[in-house]
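Engineer: pasting the structure only:
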């Protein structure tokens, strides 16, 4: 593997000028394994220097070397096997297919392919075994597509996983309080959200109500059997820059205690931790005893934005529990999650020797 | 009755310098029936002019005539039968009792007496019949206490009432997104809430989980039989000045349809509407078809802050429904609600002829 | 004049679906003199009901009668002499000319014609005598154009006027802290301004540095001689919905005292006050003694948004003074100011008898 | 010197539980030279574990080792020569004197001693030569006090320094837009500042108008001759967490050009850069060509919060210039600036060999 002889693995970024693309660039800036060699954007930007066409929104400056790279169109002939996609869903489906058919390993953050039968909808701590779905994919030239979940699903599914393993999750009600960065740029007008809440995010509830069943589903005989739990969601937008906070009501199949649930979260660890992947948090789930925590502005960045935090666990009767969960929507819930997906794929041997 | 010979009814305000007290003053500024004749505050302020001791927070200036009134201590000898109380709960219990025992009709916004067996916890559109509880009170000199609910309960209980009447409410899960004005002044530090959400409000969930059962309870033979529905709540604070927004999941006892629920809300009307009370909204419940509405900044002031608005109604299976409800926490949920309570008491003859 | 026989004066609104257009509609809702009879917007909206095409942003609901009116294109054949224009500057120049040439009295809030030699740039309290410039206009059919200043100039020029009259203003340095509503809708992305300040507003400083000299200029022999004072400006955008706050440093030609300046502001009154125009504030300038005031959220609405407030006056040596000034940018600084302009024109006889 | 044999230099923190104290702790967490050995707070907290008494406000968790340290009272017998003080001004004067008289080198962020004749008011890039004032101090046992300026002065004075050296600064007008963290905790109530600006900060203008003259003053014959420039200021509070933005109007003694001013800023470098101090920014002043920059949320953290950024430079006639300057108020403007002060003192030999 390249990284063992100290040569970095070349990667490309599709949708490099968008918000998710920018976040990919920032998170890959000092990545120990990866080196960006291709920046893909619309034909309008192609041929120009990245620094000239991007409306940079991410904290800190554009990495110098990237600012001077020439942007390419999204034609599938990049000099790298791995391609991260932060493409808008209006174009992601087709372009990602084209790259996969050209032999690329597409690590997508877009929604288009998530629910495809042969597509892993991957949170490496939760369902690393789903990676084997790749073997059922039929792209040409050995290409493949792997996706990460919607930004409001990642934290929820991660927090549910250890509880489901031990106590069996029957039903989930969730109210999300979502950050502005989830809407991209220009995104939500300030006139709509300052001193306000918008109790609606287009299409979001549908994703929150369907993706967890696939993620927590059982990989069996080359396919995923969806988890039978019922999920219902109400999604709201709040005046917060980063960090999706979610208020969860949970029905468990078994009686248990607060301590046992806390233990389940505390002891939870997955393949990224075992494999010591560079982007893996030490503790995938961190519980706060202080009832005022976790809070989006103060705790989204926990473990460089890759940890999920929980709090305010309490029983409300009849095997039902309430808690809150927070995750960084543009790191763990988008670019950071996708990079972790790439890391585990490499460790599991999905990168061709070249 | 005084108001019929055009003489206004004298009223006093306990806790006049606090946030709720200020709101009482503002809302009573041009009230057709009431005239403020006594302003009660701590002994520290007593004897000074109101304008000198208050840290005025309410929009618009202090009414001139009030600014020049002398503040009194909270001794129960005010020259008026009706006394509105916006006292802090640390002192409200005792002082309100003292005023009631001195023959005053105490219209309280404090939490202290709300759950008392003989105390009406009153939303006039919802449970006007509970007013008769007053007859079971045993204060000296003909005094009485009437309370209004916690600011996050008013909107919820109002929205539930017509649904319970027709379809029978079995269980309620609610997540609140509460405004800053609910925490008084100085209240929430800006360092805690700007660009943030605080997923905890001290003691609030307990109130939301217990008051609705009393409000929707059945008045029967001189007492209130609590409603058997189960309510569970998660309360959060969001960076919004006014307006509590709540995300509700409801279990109904009967199958029904979206249209029938909307009809129930639309047709809902109570005694304040029938009696044409001055503070009564024309429509106690307003449903928004636009999925982005209602929003705290844009819709809390509906019908001078006295209407409750709902939106985003949808079925989520098994007789369960989701919707959102918004109400103005310092008007309908506090001072305005208390004034409406006073108005209905007068119309129902609880004011002594003098 | 129509209003004397109790028939309202018909008016039209150009750019009726934009932010300024919406504000015109709201402010005219219960206007004692005016009645909206025409709503003009782009050809895309023409022929549809207003309520269907507008993205309503103003507090409170769309007036029922307006919601059901049919939108027209901006062809100059409206059944009314007075037309308010809230058109975008990209189209305002041509359309306003066309309406003026068709005999309309165009009351414009757009920037296009403001600096035209024969165009009154009008704040009725400040330079009502400039109205006579209309006589030098050469539109066909007796039409005319009158403009109001940029939203950040109105408060400044009003506060300067009485000081200039008495003490002679030599130079002005101003830093503006401008509200989001000044940028229209969708306007400033929330990702840019939440927990932030943007120290730049395109083209704004140029307006602030040039309009005051015309407004405070001397009308003389059919033209305005510009005031010789030097104005320099830095304009910033802050996370505030309504209300432009400005920090002014002023050089006066004469020595004076704080009390004399306060007196000048206090005693200031203009033709709108003398004529008792419906939109005129009782006190055009209100000074706050409390050093924390005025504040955008708390004081922009003073006198229904039509008063200008000042505060924090202090001398900083050498005939130089510092103070702050606040005005409501979409009322006094836009639609409300334009309506006051129309009112004074009517009182001065610029409406044809019909 | 201790640091050369790899043993860290022990330091104490006075006011360790306050906002500035917390920031000291965070910034010293991985400092290459310093190790915290004493945490001083009020007697109320003394004897308890730091983690139990602090209301931690700084991003990220309390360093583990610090959370378990015992808090001491502020008695001057700490086992370290260097003591950082983030004490409140109500107690700082006396306690800092006591520590200095006990032989400590007090690096203070408080205002009390700043203007003392023998006290360096130090920005190491600007006036490192003022350190020699220490020799004129008369504390017992070889103790000394060094202060850093008010948080809104640091950025301003730094930006002025190279311009003064080359073009001679005659007068400065500044309007500040200051962040909430400057007011400590609980600080500004959210009800006062959300969707608002407060145009007043108690005592702040006086500091901004007097400290720069000392900082830019000439060290001469054992004392500082104040710079004769006139500074006038208006200070406002805006809803921003971190980063003071200032709008400056400058009168220079010499004609110059925009390019020459930009060159002066670009080439500016001081002793911290020459000495390669650990907390020194590579570039003390960074100019942004983009007219929308610098912005508090996006650029305060430049060079770990230690760089000052400028932007929007333009001439406004008569040798007068406008520009904006931004600095991180709790890092460069407080704890970070104080740590840099300690570093330069050590390099210049003010630490006793022990």
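Structural biologist: Sure thing, it's come through. A quick note: this is a predicted structure, and the numbers were derived from the prediction, not measured.
Engineer: which parts of the stretch 101-250 of chain A sit against chain B?
Structural biologist: Residues of the stretch 101-250 of chain A that fall close to chain B, judged by CB under 8 Å from any CB of the partner chain: A:173, A:175, A:177, A:194-200, A:230, A:232, A:234, A:236, A:238-241, A:245, A:247, A:249. For glycine as for every other residue, the C-beta is placed from the backbone atoms N, C-alpha and C.
Engineer: Go again with 7 Å.
Structural biologist: Where the stretch 101-250 of chain A comes near chain B, counting by CB under 7 Å from any CB of the partner chain, the residues are A:173, A:175, A:177, A:195-200, A:230, A:232, A:234, A:236, A:238-241, A:245, A:247, A:249.
Engineer: which among those residues end up buried?
Structural biologist: Listed as buried from these are A:173, A:175, A:177, A:195-200, A:230, A:232, A:234, A:236, A:238-241, A:245, A:247, A:249; burial here means 16 or more other CB atoms under 10 Å in any protein chain shown.
Engineer: Okay, and the beta partners of the residue nearest to residue A:81 when sequence neighbours are not counted?
Structural biologist: Nearest in space to residue A:81, with sequence neighbours left out and distances taken as CB to CB, 6 or more residues apart in numbering or on different chains, is residue A:105 at 5.4 Å. When bridges are assigned using DSSP bridges, the partners listed for residue A:105 are residue A:82, residue A:144.
Engineer: Now the stretch 101-250 of chain A against chain D: closest residue?
Structural biologist: Closest to chain D within the stretch 101-250 of chain A is residue A:195: 4.2 Å, counting by CB to the nearest CB.
Engineer: And stretch A:302-318, what's buried?
Structural biologist: Burial within stretch A:302-318, assessed by neighbour count using 16+ other CB under 10 Å, is assigned to A:302-303, A:305-313, A:315-316.
Engineer: ditto for stretch A:74-89
Structural biologist: Buried residues in stretch A:74-89, defined by neighbour count with 16+ other CB under 10 Å: A:74, A:76, A:78, A:80, A:81, A:82, A:83, A:84, A:85, A:86, A:87.
Engineer: Equivalent analysis for stretch A:288-303, please.
Structural biologist: A:288, A:292-303.
Engineer: Out of the buried residues of stretch A:74-89, list just those in strands.
Structural biologist: A:82, A:83, A:84, A:85 (DSSP state E).
Engineer: With pLDDT as extra columns, can I get those residues in a markdown table?
Structural biologist: What follows is these, written out as a markdown table (pLDDT from 0 to 100):
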| residue | pLDDT |
| --- | --- |
| A:82 | 98 |
| A:83 | 98 |
| A:84 | 98 |
| A:85 | 98 |
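Engineer: Return the member of the residues you listed nearest to chain B.
Structural biologist: residue A:84 (28.1 Å).
Engineer: now the strands for the stretch 51-200 of chain A?
Structural biologist: In order along the chain, the stretch 51-200 of chain A carries the following strands (DSSP state E, counting those that start in this stretch): A:71-72, A:82-85, A:105-108, A:144-147, A:169-178.
Engineer: Show the pLDDT at the closest residue to residue A:314 other than its chain neighbours.
Structural biologist: Counting by CB to CB, 6+ apart, residue A:322 is the residue found nearest to residue A:314 once chain neighbours are left out, at 5.6 Å. Per-residue confidence for residue A:322 comes out at a pLDDT of 98.
Engineer: What residues are bridge-paired with residue A:322?
Structural biologist: Taking DSSP bridges as the rule, residue A:322 bridges to residue A:249, residue A:314.
Engineer: Relative to chain C, how far out is it?
Structural biologist: Counting by CB to the nearest CB, to the nearest Å, the gap from residue A:322 to chain C is 29 Å.
Engineer: try residue A:80
Structural biologist: From residue A:80 across to chain C, the span is 30 Å (CB to the nearest CB).
Engineer: now that residue, nearest residue through space, not along the chain?
Structural biologist: Of all residues not flanking residue A:80 in the chain, residue A:10 sits nearest, at 3.7 Å (CB to CB, 6+ apart).
Engineer: cool, residue A:96 as well?
Structural biologist: The spatial neighbour of residue A:96 that comes closest, neighbours along the chain excluded (CB to CB, 6+ apart), is residue A:106 at 4.9 Å.
Engineer: Show me what the longest helix seen in chain A is packed up against.
Structural biologist: Among the segments of chain A that qualify as a helix by DSSP state H, the longest is helix A:151-167. Where contact means 3 or more CB pairs under 7 Å, 6 or more residues apart in numbering or on different chains; DSSP states H and E, helix A:151-167 is packed against helix A:124-127, strand A:169-178, helix A:204-215, strand A:244-252, helix A:258-267, strand A:308-317, strand A:320-327.
Engineer: what angle separates that helix from helix A:204-215?
Structural biologist: Here helix A:151-167 runs at an angle of 40 degrees relative to helix A:204-215 (axes from the mean of the first three to the mean of the last three CA atoms, to 10 degrees).
Engineer: Check the offset of helix A:151-167 from the chain's centre.
Structural biologist: The chain centroid and the centroid of helix A:151-167 are separated by 14 Å, computed with CA atoms, centre = their mean, to the nearest Å.
Engineer: got the angle between that helix and strand A:320-327?
Structural biologist: Computed by the same axes, to 10 degrees, the angle separating helix A:151-167 from strand A:320-327 equals 140 degrees.
Engineer: now the end-to-end length of stretch A:299-309.
Structural biologist: 8 Å (CA to CA, to the nearest Å).
Engineer: Pull the residues that contact it.
Structural biologist: The contact list for stretch A:299-309, computed with CB atoms under 7 Å, 6 or more residues apart in numbering or on different chains, reads A:155, A:158-159, A:242-243, A:279-286, A:288, A:293-294, A:325-328, A:331-332, A:336, D:59.
Engineer: same thing with stretch A:80-100?
Structural biologist: Judged by CB under 7 Å, 6+ apart, the contacts made with stretch A:80-100 from elsewhere in the structure are A:9-15, A:18, A:20-21, A:24, A:37-38, A:74, A:76, A:104-113, A:139, A:143-145, A:335, A:338, A:342, A:351-352.
Engineer: Over to stretch A:197-206?
Structural biologist: With CB under 7 Å, 6+ apart as the criterion, stretch A:197-206 contacts A:152, A:178, A:192, A:233-238, B:177, B:238, B:240, B:245, B:291-292, B:295-296, B:311-312, B:324.
Engineer: Can you measure across that stretch, start residue to end residue?
Structural biologist: One end of stretch A:197-206 to the other measures 20 Å (CA to CA).
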